[in-house]
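Visitor: here's a sequence, model it:
(chains A and B)
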2 protein chains.
Amino acid sequence: MQIGCIGAGSWGTTLAIHLAHLGHDVTLWGHGAEQRERLRRERENHLYLPGVAFPRSIFVVDSVAEAVEASDPLLLIATPTQHIRTTLTGVAAVDLDRRVVVSTSKGIERGSLLRISELFEEEWTLERDRFVSLSGPSHAEEVSRGIPTTVVAASTSRASSELVQEVCSNSTLRVYTNDDLIGVELGGALKNIIALCAGIIDGLGYGDNTKAALITRGLAEITRLGVTLGASASTFSGLSGLGDLVVTCFSRHSRNRFVGEQIGRGRALEEVVAEMNMVAEGVTTTESAYQLALRHGVEMPIINEVYRILFAGRDARTATLDLMRRETKHELWT
Amino acid sequence: MQIGCIGAGSWGTTLAIHLAHLGHDVTLWGHGAEQRERLRRERENHLYLPGVAFPRSIFVVDSVAEAVEASDPLLLIATPTQHIRTTLTGVAAVDLDRRVVVSTSKGIERGSLLRISELFEEEWTLERDRFVSLSGPSHAEEVSRGIPTTVVAASTSRASSELVQEVCSNSTLRVYTNDDLIGVELGGALKNIIALCAGIIDGLGYGDNTKAALITRGLAEITRLGVTLGASASTFSGLSGLGDLVVTCFSRHSRNRFVGEQIGRGRALEEVVAEMNMVAEGVTTTESAYQLALRHGVEMPIINEVYRILFAGRDARTATLDLMRRETKHELWT
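Guide: Numbers count the residues shown, from 1 in each chain, chains lettered A, B, ... in the order given. I've put the predicted structure just below:
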């Protein structure tokens, strides 16, 4: 098959290589002329996936339009959430016709508070059934080394999600399908806030008990927001919720956990973010989730504290103690 | 209050110290005359919690009967599951009358396949409402250092679980209540099988993606068995299920994960177990869960593989690959 891939970060590149190895032709576009030139010349991604050679069937192109054009039937979008609108700005709705758009972005658009599928529906009038969210616990560094990994392809259309399952699966990458698109999109995005908070706990020098409490109560919180927004609760116990949450909270690869750890050690958010060459989606998602929770009247004690720590100078240790001292509760009542 | 504590392992000792610090009188019994003598003389548990001094209100006694006698209203049982019957063998049903029995054991009795509450009901005719299971992500080493920790007190009686909540809570140990006793007991026990498997994955050199997949699919599996046995599914997403599962799968303190890691490196089960001075409940629980699943006709692909690896010479790497190659599925269909 012909697969277009917009975005040559670590995950986009990893998927492009994976799909090329499975026998597909992949047309890859990445941000920055110089970066594309190096990808083409060196046949590897020196910035995000050094040492992993491109198979011959990866073609690096210089315009988004070429990658879209070359995609049949799948167009993969693997750019940071906040860049999708500008990256695809020259693409017309008609260009996406008859294609299935697969997004790997895990975020909520700032300001509009749109999920990625909603963004494509509003901006490119993409039929909902032709959108697939690919999510789950899949650090690129591990997938590229052939470490056994599972992901979930979510769509309102069984045909679309099964197409992605068929195209992407092999014995080291196992793809499940799910028809709860809202739940999978929100799980992937909201879990980054909890991962950021897990990093804060690491930075404060707390332990595994604290992190397990955070993961459990944090998952309950994002499930509550998700259900209010139309998701099914059980999706949050799946790969895109629990699975991705766990890997992000414990992994040394996670950018969101890393940002939190620096904050927990007392550094300022701007300073930490300025030093990174990757995007930590959790920072923006914290703002968006905070606004969504306000709008829909959902009680989110943990996310509120993360928001205050990141954006309002709240002391992290005091915030933790306040969470521990809340009125004692029945486990399933919050 | 007067609290009796049967069992001076790491968790029993930690709870005894915690309760003494909260102002209660604690009567502690531990296994072995020599060990009790040292506890009394050194005022610390050199074996399981070295360096943490006993408060004055801990009294070490030489018989189980004394600890039972001195408990009013709470009797804490913190011995390995398979030792409860023999440890309490001289205790008569009448001795437990009017007391609330709090068990911290996370296992299923070998052979009888009884949960701890069922064991107390059958053997000591304890009223169900006077039994509380105390569970959740609480590595003793961290609780003893004042690391923020959450646990759950489960009972069919709200009064009993709230009593435990009231007696045990402070700003570093937050106690939730739950009325799904079956779910909390099974979550605490069954999660050890998945933790053992997480260790196997570590031993094989796989990564965080693989472990996240295991945790997600493993939690789905133990939830399925739990629901068949009368538990509520949501309990498994709480502290005694998900929370304890996560901490056990990632923590360097976990004995079950440790046993699995050694197995994953190719060592024999008997050899690994023989070297440990603590009990890894997960080994016995794997046998019990395997038998329960057979009896009730529940499909448990992961637990079956762990059983075969531990007891039937199955190769761990082959087992992992076979799990990855199963027929592709919808996420919520298994």
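
Visitor: point out the residues in the stretch 201-334 of chain A that sit beside chain B.
Guide: Within the stretch 201-334 of chain A, the residues that sit near chain B (C-beta under 8 Å from any C-beta of the partner chain) are A:206-213, A:215-217, A:219-220, A:223, A:234-235, A:237-239, A:242-244, A:246-247, A:250-251, A:253, A:320-321, A:324-325, A:328-332. The C-beta positions use only the backbone N, C-alpha and C, and glycine is treated the same way.

Visitor: and the residues you listed, which of them are buried?
Guide: Among these, those classed as buried by 16 or more other C-beta atoms under 10 Å in any protein chain shown are A:206-213, A:215-217, A:219-220, A:223, A:234-235, A:237-239, A:242-244, A:246-247, A:250-251, A:253, A:320, A:324, A:331-332.

Visitor: out of those residues, name the ones that lie in helices.
Guide: Applying DSSP state H to these, the entries found in helices are A:208-213, A:215-217, A:219-220, A:223, A:244, A:246-247, A:250, A:320, A:324.

Visitor: could you list every residue that touches the residue in the stretch 151-300 of chain A positioned nearest to chain B?
Guide: The nearest approach of the stretch 151-300 of chain A to chain B comes at residue A:212, 3.3 Å away (C-beta to the nearest C-beta). Listed by C-beta atoms under 8 Å, 6 or more residues apart in numbering or on different chains, the contact set of residue A:212 reads B:137, B:150, B:239, B:243, B:244, B:246, B:247.

Visitor: and if we set it to 7 Å?
Guide: Neighbour list for residue A:212: B:137, B:243, B:244, B:246, B:247 [criterion: C-beta atoms under 7 Å, 6 or more residues apart in numbering or on different chains].

Visitor: could these go into TSV alongside pLDDT?
Guide: Output for these, formatted as TSV (pLDDT from 0 to 100):
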residue	pLDDT
B:137	96
B:243	96
B:244	96
B:246	94
B:247	92
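
Visitor: ok, and of the residues you listed, which contact chain A?
Guide: B:137, B:243, B:244, B:246, B:247 (C-beta under 7 Å from any C-beta of the partner chain).

Visitor: in a markdown table: the residues you listed, plus distance to residue B:4.
Guide: Shown next, in a markdown table, are these (distance: C-beta to C-beta, whole Å):
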| residue | distance to residue B:4 |
| --- | --- |
| B:137 | 25 |
| B:243 | 27 |
| B:244 | 25 |
| B:246 | 32 |
| B:247 | 27 |
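
Visitor: correct me if wrong: residue A:170 contacts residue A:22.
Guide: Yes - using C-beta atoms under 7 Å, residue A:170 is in contact with residue A:22, at 6.2 Å.

Visitor: so the two - more neighbours on which side?
Guide: residue A:22 (17 against 13; other C-beta atoms under 10 Å in any protein chain shown).

Visitor: mind pulling up the pLDDT for the more buried one?
Guide: At residue A:22, the model reports a pLDDT of 97.

Visitor: find the centremost residue of chain A, please.
Guide: Nearest to the geometric centre of chain A sits residue A:106, at 2.5 Å (C-alpha atoms, centre = their mean).

Visitor: does residue A:34 lie in a helix or a strand, and which?
Guide: Using DSSP states H and E, the element containing residue A:34 is helix A:33-42.

Visitor: what's the distance between the helix or strand following that helix and the middle of its chain?
Guide: Counting by DSSP H and E, the next helix or strand C-terminal to helix A:33-42 is strand A:58-60. Distance of strand A:58-60 from its chain centroid, counting by C-alpha atoms, centre = their mean, to the nearest Å, is 24 Å.

Visitor: pLDDT (mean, whole number) over the next helix or strand after strand A:58-60?
Guide: Remark: after strand A:58-60, the chain's next helix or strand is helix A:64-69, criterion DSSP H and E. Averaged across helix A:64-69, pLDDT comes to 96.

Visitor: circling back: helix, strand or coil: sort out the residue nearest to the centre of chain A for me.
Guide: What DSSP: H, G, I helix; E, B strand; the rest coil gives for residue A:106 is coil.

Visitor: next, the contact list for it, please.
Guide: Residue A:106 neighbours (C-beta under 7 Å, 6+ apart): A:135, A:188, A:189, A:192, A:281.

Visitor: state the mean pLDDT of stretch A:264-276.
Guide: On average, the pLDDT along stretch A:264-276 is 91.

Visitor: and it, end to end?
Guide: End-to-end distance for stretch A:264-276: 17 Å, by C-alpha to C-alpha, to the nearest Å.

Visitor: what is whichever helix or strand residue A:260 is part of packed up against?
Guide: Element membership for residue A:260 (DSSP H and E) is helix A:255-264. Here helix A:255-264 touches helix A:181-204, helix A:244-250, helix A:269-275, helix A:281-296, going by 3 or more C-beta pairs under 7 Å, 6 or more residues apart in numbering or on different chains; DSSP states H and E.

Visitor: out of those, which is closest to residue B:269?
Guide: Across the helices and strands packed on helix A:255-264, residue B:269 has its closest neighbour in helix A:244-250 (26.5 Å, C-beta to C-beta).

Visitor: helix/strand/coil for the residue nearest to residue A:162 when sequence neighbours are not counted?
Guide: Of all residues not flanking residue A:162 in the chain, residue A:177 sits nearest, at 5.9 Å (C-beta to C-beta, 6 or more residues apart in numbering or on different chains). Judged by three-state DSSP, the three-state class of residue A:177 is strand.

Visitor: hang on, isn't residue A:177 packed against residue B:330?
Guide: Yes - with contacts counted by C-beta under 7 Å, residue A:177 reaches residue B:330, the gap being 4.9 Å.

Visitor: overlap of the contact sets of these two?
Guide: With C-beta under 7 Å, 6+ apart, residue A:177 and residue B:330 have no common neighbours.

Visitor: which helices and strands does the helix or strand in which residue A:84 is found pack with?
Guide: Using DSSP H and E, residue A:84 sits within helix A:84-87. The helices and strands touching helix A:84-87, judged by 3+ C-beta pairs under 7 Å, 6+ apart, are helix A:116-124.

Visitor: and the helix it packs on, what's buried?
Guide: A:116, A:117, A:118, A:119, A:120, A:123, A:124.

Visitor: quick check: what element follows that helix along the chain?
Guide: Assignment by DSSP H and E places the next element after helix A:116-124 at strand A:131-135.
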